[in-house]
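K.L.:
please work out how this folds:
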Amino acid sequence: MKPSLSVEEQVDLLSRRGLVIDDQQQCTGFLRATNYYRLSGYARYFQQAPHQGNDMFVAGATFAQIRSIYEADEALRATLTVHLARVELLLRTHVARVIADDHGPYGHFLEKNFYTDVSTAEPTVEACLRDIDRSKDRHILRYRADQGKPVSYSELPVWSAVEAWSFGTLSKAIERGATGSLAEAVATSLGIAKSGFAYRVRSLVYLRNRCAHHSRLWHHSVLDAGPTPNNVRNKAKRLAGQFEPRSVLDVIASLDDMAVRGKVADPVIPQLVDHHSGDLKFWDGLVTPQNPRDHRM
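P.N.:
Numbering: from 1, shown residues only. As a prediction, the model looks like this:
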């Protein structure tokens with residue numbers, strides 16, 4: 001078992017492993033505000049072979065380099081959080097509009113047969129109802145039955161219900177709603193390519209969750225990567241150069257497409273190119289994510 005180290009001991013450990021620390025006090029202050037384990041997720045890309053137990057840093061690696069990448073990643077999460085929020089609200093609006101227009105605003109969207117579910121997964125309607133039950137907002141509470149009577153949402157309109165759903169629940173409703181046809185209808189409403197739309201939304205949920213939990217984006221391969229359309233990917237590559245299908249940049253390309261078509265935000269990729277394309281260490285971690293064992297400084 002690993003021993004618990006004081007912050008000063010953590011700084012000393014980094015030094016003994018060969019990390020160049022020009023300002024010990026600054027490093028100590030940073031670690032007091034940032035979990036050592038969180039920093040290690042970035043530091044391992046500057047170490048010789050951490051997957052083999054060799055935690056020594058490569059020659060010339062500095063704390064300043066690692067902190068610079070950490071802070072660039074932090075800034076990227078902050079930027080994406082704003083854009084993801086705007087696209088999420090856009091999706092809520094169009095889901096409510098499509099359901100109300102095509103299936104009626106009351107009742108049916110909270111019935112089990114409205115969704116095509118995966119047998120091994122929680123029924124979508126249960127997720128929808130659980131999120132609604134958790135809500136303390138007046139726009140939900142006013143539709144609940146009187147105290148002492150069974151809860152009923154028969155008069156709850158869909159435009160109110162979608163505001164109570166988590167982004168993950170909204171994504172499931174898009175993917176499975178109207179017995180599988182809701183995704184294409186919402187994509188059409190947005191003016192976005194229908195092919196793979198539900199999976200693109202799922203990838204945005206995944207990215208939003210990583211941002212919300214302050215998780216590392218640099219050198220992270222997106223597990224729930226949606227099939228970004230070729231025209232969207234090619235447009236992004238004309239600005240940013242090549243990037244891998246499961247890279248964070250690929251999901252950002254999809255986010256930009258939805259934000260611009262929905263007229264809710266300017267694209268993120270041009271900002272990234274302007275601010276970070278010259279920083280090859282940070283840029284490479286966005287476009288070609290690697291496991292530390294495969295990474296070479």
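K.L.:
spell out for me which residue occupies the centre of the protein.
P.N.:
The centre of the chain sits closest to Leu207, judged by Cα atoms, centre = their mean, with a distance of 1.2 Å.
K.L.:
buried residues in the lowest-mean-pLDDT helix or strand in the chain?
P.N.:
Within the chain, no helix or strand scores below helix 138-141, which has a mean of 89 by mean pLDDT, DSSP states H and E. If you call a residue buried by 16 or more other Cβ atoms under 10 Å, then helix 138-141 has these buried ones: Ile140. (C-beta placed from N, C-alpha, C; glycine too.)
K.L.:
can you name the next helix or strand after whichever helix or strand Arg77 is part of?
P.N.:
Element membership of Arg77, judged by DSSP states H and E, is helix 63-103. Downstream of helix 63-103, the next assigned helix or strand under DSSP H and E is helix 124-134.
K.L.:
list the buried ones in that next one?
P.N.:
By neighbour count on 16+ other Cβ under 10 Å, the buried set for helix 124-134 is Thr124, Val125, Ala127, Cys128, Leu129, Asp131, Ile132.
K.L.:
could you pull out the strands for this protein?
P.N.:
47-49, 54-57 (DSSP state E).
K.L.:
gap between the last one and the chain center?
P.N.:
Read it as strand 54-57. Taking Cα atoms, centre = their mean, to the nearest Å, one finds strand 54-57 lying 31 Å from the centre of the chain it belongs to.
K.L.:
for Arg176, which residues are in contact?
P.N.:
Arg176 sits next to Tyr115, Thr116, Asp117, Thr124, Leu182 when contact means Cβ atoms under 8 Å, 6 or more residues apart in numbering.
K.L.:
filter those residues to the buried ones?
P.N.:
So, by 16+ other Cβ under 10 Å, the buried ones in the contacts of Arg176 are Tyr115, Thr124, Leu182.
K.L.:
coming back round to it: neighbouring contacts of the least confident helix or strand of the chain?
P.N.:
Ile132, Ser135, Leu156, Ser160, Ala161, Glu163, Ala164.
K.L.:
next, count neighbours for the fourth one.
P.N.:
Read that as Ser160. Ser160: 19 surrounding residues under other Cβ atoms under 10 Å.
K.L.:
check the last one too.
P.N.:
Neighbours of Ala164 under the rule other Cβ under 10 Å: 20.
K.L.:
surely it touches Ile132?
P.N.:
Yes. In terms of Cβ atoms under 8 Å, Ala164 counts as a neighbour of Ile132; the distance is 4.7 Å.
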